[in-house]
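Chemist: Here you go, sequence then predicted model.
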There are 2 protein chains.
Amino acid sequence: MNAELLTIGTEILLGDILNTNVQFLSKELAEIGISVYHHTAVGDNPERIEAAYKLAFERSDIVITTGGLGPTDDDITKEIAAKYFNKDLVIHEESFKKIKELYRNYSMTLTKGTEKEASVLAGSKTLFNKAGLAPGCIVEENGKILIMLPGPPKEAIPMYLNDVKPYLLSKSNYIYKSKTVRISGIGEAEAENMIKDLIASQSNPSIAPYAKQSEMVFRITAKAENSEEADTIIKPTLEEMYKRFGENIYGEDDTTLEECVITLLKEKGLKLACAESCTGGMVCSTLVNHPSASEAFVEGLVTYSNDAKINRLGVKKETLDTYGAVSAEVAAEMAEGVARTSGTHIGISTTGIAGPKNENTDKPVGLVYIGIYINGETKVKKFNLIGNRERIRISATTRLLDALRRELLRW
Amino acid sequence: MNAELLTIGTEILLGDILNTNVQFLSKELAEIGISVYHHTAVGDNPERIEAAYKLAFERSDIVITTGGLGPTDDDITKEIAAKYFNKDLVIHEESFKKIKELYRNYSMTLTKGTEKEASVLAGSKTLFNKAGLAPGCIVEENGKILIMLPGPPKEAIPMYLNDVKPYLLSKSNYIYKSKTVRISGIGEAEAENMIKDLIASQSNPSIAPYAKQSEMVFRITAKAENSEEADTIIKPTLEEMYKRFGENIYGEDDTTLEECVITLLKEKGLKLACAESCTGGMVCSTLVNHPSASEAFVEGLVTYSNDAKINRLGVKKETLDTYGAVSAEVAAEMAEGVARTSGTHIGISTTGIAGPKNENTDKPVGLVYIGIYINGETKVKKFNLIGNRERIRISATTRLLDALRRELLRW
């Protein structure tokens, strides 16, 4: 079965609202094996809504609409559907009762619109709106399914989860289960190239690549009769991925790079301190994203000025004068200095030119050194990163965390 | 003129990515008087992309695509457009040079995909990708306009603003000019309520509200024959906004809260140091977003552990034992301590419970204290913030910067 998501509402076309419903529904449908081939959004315009229904039913088995179920004149999703399927609109008494009570409580006058809001297509399965007023409904007609949900996510999401999802699952004999593999330290194109043959040749499980900011993600999805069978189908592909990517894989499913680093530190009983220049606190802030950061991360110093590098970390003035603040030598002294003054096993550091200009030096924007000191040993890496100031800082942060992860694996 | 937004990418249909591009583009197009009647999203499928082009050009004057410009085999937006318009793909040398340099820097091997990534439709206007690699392009053919933008918002947004918007404006007899007013420290609903009458009664200039993370933005847009006329139309409304919002307005247009703080510090010749606990580096990292941060921001300390608070900042062990790390007293000593040990006029601090759990205390998740020390005077504010760990840390960061801004205005 395939589905199409049809968003109805001029406010979406004007950009007043971010369409989070389609992301939620797409993810949910993918998980239960319903393919979504089209998202469409149209305004509150009868002709364009009708054309959208017509087109959607020509190419899709299931059409899920969001929006346009309310009481005002421009809420016409149900009206146009009724016309399209040649059905009447009938009042859903339970919904109407809820609306009438609300109006009574607020001493408001019932209008014609409230009857309209409480209506659904005759013969449809009504979806009571627990979080709002307008009911949704499911229409099955000519082998096609139309599901109408309200626009506000806080009404649409529970209505989908409580009523629509069980309905859709009852139509299928299969379950779908996924495993996500997360990779850092190699480029998008290179990663994809390494398993091109697997992606091309496999359909169950399927492998789908996703490039995220500074990392690469592959999702392996199995279609099966039950969860155990799905695991069995996924297993050989997962093993093959580990064989090919090795330690480029930093985690599975919802694991983050910072979680991976914090976990390794905890396992090995190592404490970490961090000295940042160009990243300006972003490395610390990323590590602290993880709730148990405090068990391994002791402190961070954003030594933005040369004075701070000297006074807080003991970087030598001579080193700064000879090599400049953005140098391998300073990155090394920063990493060593923060470990020494914080009393930790590990010190990490960044120093670089995030841009947009580099007034005091002839070094290029994007030049970044990262330093890693672990129990007496110091390593420095040099990168030429691209992008604007923020992008360079994010890339530097990710590369430092990935380099630290790889060091910890060896420790 | 009307436009259609065509998003291309299976990751959108799977719900892996929230489609923020269409909201951004819809808002932008509405502002320059281009009507958007349809949003469509299709996956990386040649037949469906081609059908989407065909349909879009039947019903729309301008089609703007996002996504599918990358190096991998499933990036086929340009290929299908070339087929649709019967044109060749040609390498854009400037983009190819950038890609080759990047690959050289990372010692990666150039693949066939990199040539493809650097290609655009023959005869098109090329849009160089300053923030990324793949160029976009604009094709004018048979009275229709096709504009292809990259998928990542960080690349698509500057490309739209720098190249596409001026191009679209050149097609119109009118100009549209906007002035953005940025507000922090009051809630979205409250802010909107304060100028409800203006929003409802005005059409030229129009006023559109946008709620952002922890701030509120109003955009005043004038339609005029030239820039001076637009300024004249905007002026009385802008003055009225300042009359109503007063110092809740922290800046105009692209000003950021951190820029506002750094500028005030520089004007007043004050130096700043920062001590963070729950925000874990986010305050420093936000300040360092601004390129001239180094002129006012001396250093930051992420004193995540109690030991770090004592050793680095001189917070008293007694204060920590008596009141706990998350307390007004510790926030004050952190702010004072970081100013003293860094030798700055101003010290700011955060301490709080970002969640998801609070194992060692009975204090609630979301409790945050911020401290501001300026030349001998210390102020502490308490907040009960809502949301997940990340949201709480972002809110705490914004509230601290806004509180510092308000203090600096009085100094």
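Modeler: Received, thanks. Numbers count the residues shown, from 1 in each chain, chains lettered A, B, ... in the order given.
Chemist: packing partners for the helix or strand where A:Tyr242 lies?
Modeler: Assignment of secondary structure by DSSP states H and E places A:Tyr242 within helix A:227-245. Secondary-structure packing of helix A:227-245 (3 or more Cβ pairs under 8 Å, 6 or more residues apart in numbering or on different chains; DSSP states H and E): strand A:175-183, helix A:188-194, helix A:196-201, strand A:215-224. C-beta: built from backbone N, CA, C; applies to glycine.
Chemist: need the residues of the stretch 301-411 of chain A near chain B, please.
Modeler: Residues of the stretch 301-411 of chain A found near chain B, taking Cβ under 8 Å from any Cβ of the partner chain as the criterion, are A:301-305, A:307-308, A:312, A:342, A:354-357, A:383-384, A:386-391, A:393.
Chemist: So which of those are in helices?
Modeler: Secondary-structure check on those using DSSP state H: residues within helices are A:Asp307, A:Ala308, A:Arg312, A:Ser342, A:Arg389, A:Glu390, A:Arg391, A:Arg393.
Chemist: And those residues, which of them are buried?
Modeler: Buried subset of those (neighbour count, 16 or more other Cβ atoms under 10 Å in any protein chain shown): A:Ala308, A:Arg312, A:Ser342, A:Arg389, A:Arg391, A:Arg393.
Chemist: Among the residues you listed, give me the pair with the biggest separation.
Modeler: Comparing all pairs in these by Cβ to Cβ, the longest separation belongs to A:Ser342 and A:Arg391, at 29.1 Å.
Chemist: Now stretch A:208-226: buried residues?
Modeler: Residues A:208-211, A:214-224 are the ones in stretch A:208-226 that count as buried (16+ other Cβ under 10 Å).
Chemist: what about A:Cys278, which SS state?
Modeler: Assigned state for A:Cys278: coil (three-state reduction, DSSP: H, G, I helix; E, B strand; the rest coil).
Chemist: Counting neighbours, what do you get for the closest residue to it other than its chain neighbours?
Modeler: The shortest distance from A:Cys278 to any residue other than its chain neighbours is 3.9 Å, reached at A:Gly352 (Cβ to Cβ, 6 or more residues apart in numbering or on different chains). Neighbouring residues of A:Gly352 were enumerated by other Cβ atoms under 10 Å in any protein chain shown; the total is 27.
Chemist: Against A:Asn311, how distant is A:Gly352?
Modeler: As for A:Gly352, its distance to A:Asn311 is 21 Å (criterion: Cβ to Cβ, to the nearest Å).
Chemist: same check, this time on A:Gly187
Modeler: A:Gly187 sits 39 Å away from A:Asn311, going by Cβ to Cβ.
Chemist: quick one: the lowest-mean-pLDDT helix or strand in chain A to helix A:227-245, angle?
Modeler: Within chain A, confidence by mean pLDDT, DSSP states H and E is lowest for strand A:206-212 among all helices and strands, at a mean of 78. Here the directions of strand A:206-212 and helix A:227-245 differ by 60 degrees (axes from the mean of the first three to the mean of the last three Cα atoms, to 10 degrees).
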